[in-house]
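In: kindly generate the corresponding structure for this input.
(one chain, ligands or ions: 1)
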Amino acid sequence: MLERIAGQRPQPRAATRALLKDPSGQPIDDAIVLWFPAPRSATGEDVAEFHIHGGRAVLQALIAAIGAVENLRAAEPGEFTRRAFENGKLDLTEAEGLDDLIHADTERQRRQALRQLKGLLGDKARDWRGQIIAASALVEAAIDFSDEGDVPDELIAPAKAKIEILLDEIEDVLAQEGRSERLRDGLVVAITGPPNVGKSTLMNQLARREVAIVSPHAGTTRDVIEVHLDLDGYPVTVIDTAGIREAIDPVEQEGVRRARSRAAEADLRLWLVDTQAAGDGEDELRAWIAEGQHGFWVVRNKLDEPEAVTPDLSASGWPCFSISAANGRGVPELIGALTRYAAAYFDEGSALITRARHRELLRQSADALGRAIDLPEAAELIAEELRLAAHRLGQLLGRVDVEDILDVIFREFCVGK
Ligand SMILES: Nc1nc2c(ncn2[C@@H]2O[C@H](COP(=O)(O)OP(=O)(O)OP(=O)(O)O)[C@@H](O)[C@H]2O)c(=O)[nH]1
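Out: Residues are numbered from 1 along each chain as shown. Now for the predicted structure:
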């Protein structure tokens, strides 16, 4: 194919200038061509790269020329990475890291994805799996020697000691409480409160663009609108929820229902209070204070108006901010506090688990190890639990039993990756 289009097969891995031609011999572009023979390529197979001038017509002409070559077809989304995985160039956690890297919106997401791509979790899982297999060898030996008096005990005790250290390590990683998983999706902050307090106006301030319709009529926001913010590299999704009140209109009722459920699921709620009408929503607020609810910040809005009423929320123990969403006063302080909140939430150093899939498999592996430790002297049963624990780590790395999830994982990749 390279010979037909570029007129030559360049030296392996050397950027080589070539005049690309279509099947009729018409020139397409003056380009750079690279040739990576298997197995020293990203996918482990023969790979040719064309570096062309980016115009649409150039690209179309080259694709048409390549398409004219027999047995060639366009790659499916994620197919290159999938082949790299199938040829052992990447383990599954690294492939997931690559997917995250491609989709990273913020600096912290990029760093986390790169750590994953570099095999931080994969290396650990391989190491753990190796240790489990070493412990299994002791237990298997105990089974073989079980006719010979004291030997089993002497073998099983050190095997269990190894497993205990290992289990502690896995539990430490599991104890991260899903924070690194959240770094992929972003922290969710809901702007909530009674109608007409200025939620949409604050949302617009935060997003610095008009995403929500601001109107002087109560009950304008009927659905949930969200913006994605990059606060010092931390991804934060802010949602503007419909004014919480007893709605009569069925459309508004639905808006209120959705607002309540999204607000309930959020990591943090900014409860807006209108300093002009402080009584609105106070009952609801006080009920939450009485219930000892967490994850609320009170934001007093419309400070630009002269006769501000100040609701007394000192009993809540919640952080309190004063702003004018209309002219932006106090908003930088609020954004600063949100950034610090996000920074404290994401403890970057320990990010290892970035997906629910990792968490579930590590949990199952740890549970099997825990059962192995608790089993008294039954070497066969211990060996079985260790096999299961190692198998789960194999699944994490994508080495065993994963056919069914591969399509799901690689489908999310873009074409050309
Ligand atoms: N003076 C003053 N008016 C404001 C401020 N913030 C919002 N408003 C006004 O308050 C009214 C309601 O603002 P919205 O942002 O639509 O309020 P909302 O809470 O989203 O309203 P719903 O969608 O009904 O829940 C509009 O007329 C805004 O211009 C502020 O800081 N100062």
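
In: ok, and the helix or strand in the chain with the lowest average confidence?
Out: Ranked by mean pLDDT, DSSP states H and E, the helix or strand of the chain with the weakest confidence is helix 403-411, at a mean of 66.

In: I'd like the distance between residue 47 and the ligand.
Out: Plainly put, residue 47 is 53 Å away from the ligand if you go by CB to the nearest ligand atom, to the nearest Å. Any C-beta I mention is one placed from the backbone N, CA and C, and that applies to glycine too.

In: right, and that residue touches residue 33 too?
Out: No - checked against CB atoms under 8 Å, the pair residue 47 and residue 33 is beyond contact range at 11.4 Å.

In: more neighbours: these two, which one.
Out: residue 33 (22 against 16; other CB atoms under 10 Å).

In: which parts of the stretch 101-250 of the chain are strands?
Out: All strands of the stretch 101-250 of the chain, identified by DSSP state E, counting those that start in this stretch, fall at 187-192, 225-231, 234-240.

In: could you list the domains of this protein?
Out: Domain assignment of the chain by the TED database yields the ranges 1-74, 115-157+354-412, 182-346.

In: any idea which of the strands of the stretch 101-250 of the chain has the lowest pLDDT on average?
Out: The weakest mean pLDDT among these belongs to strand 225-231, with a mean of 83.

In: what angle sits between it and strand 187-192?
Out: Angle, strand 225-231 to strand 187-192, by axes from the mean of the first three to the mean of the last three CA atoms, to 10 degrees: 130 degrees.

In: same for strand 225-231, what does it pack against?
Out: helix 199-207, strand 234-240, helix 331-345 (3 or more CB pairs under 8 Å, 6 or more residues apart in numbering; DSSP states H and E).

In: do it and the ligand meet?
Out: No - Strand 225-231 stays clear of the ligand (CB under 6 Å from any ligand atom), getting no nearer than 9.6 Å.

In: how about that strand: buried residues?
Out: 225-227, 229, 231 (16 or more other CB atoms under 10 Å).

In: then stretch 42-56?
Out: Across stretch 42-56, burial judged by 16+ other CB under 10 Å covers 43-45, 47-48, 50, 52.

In: closest to residue 204 out of the buried residues of strand 225-231?
Out: The nearest member of these to residue 204, counting by CB to CB, is residue 227 at 9.0 Å.

In: in the stretch 1-150 of the chain, what residue lies closest to the ligand?
Out: Of all residues in the stretch 1-150 of the chain, residue 105 sits closest to the ligand, at 25.7 Å by CB to the nearest ligand atom.

In: so what's the residue lying closest to residue 88 once chain neighbours are set aside up against?
Out: Spatial nearest neighbour of residue 88, excluding adjacent residues (CB to CB, 6 or more residues apart in numbering): residue 44 at 6.9 Å. Residues near residue 44 by CB atoms under 8 Å, 6 or more residues apart in numbering: 38, 83-84, 87-89.
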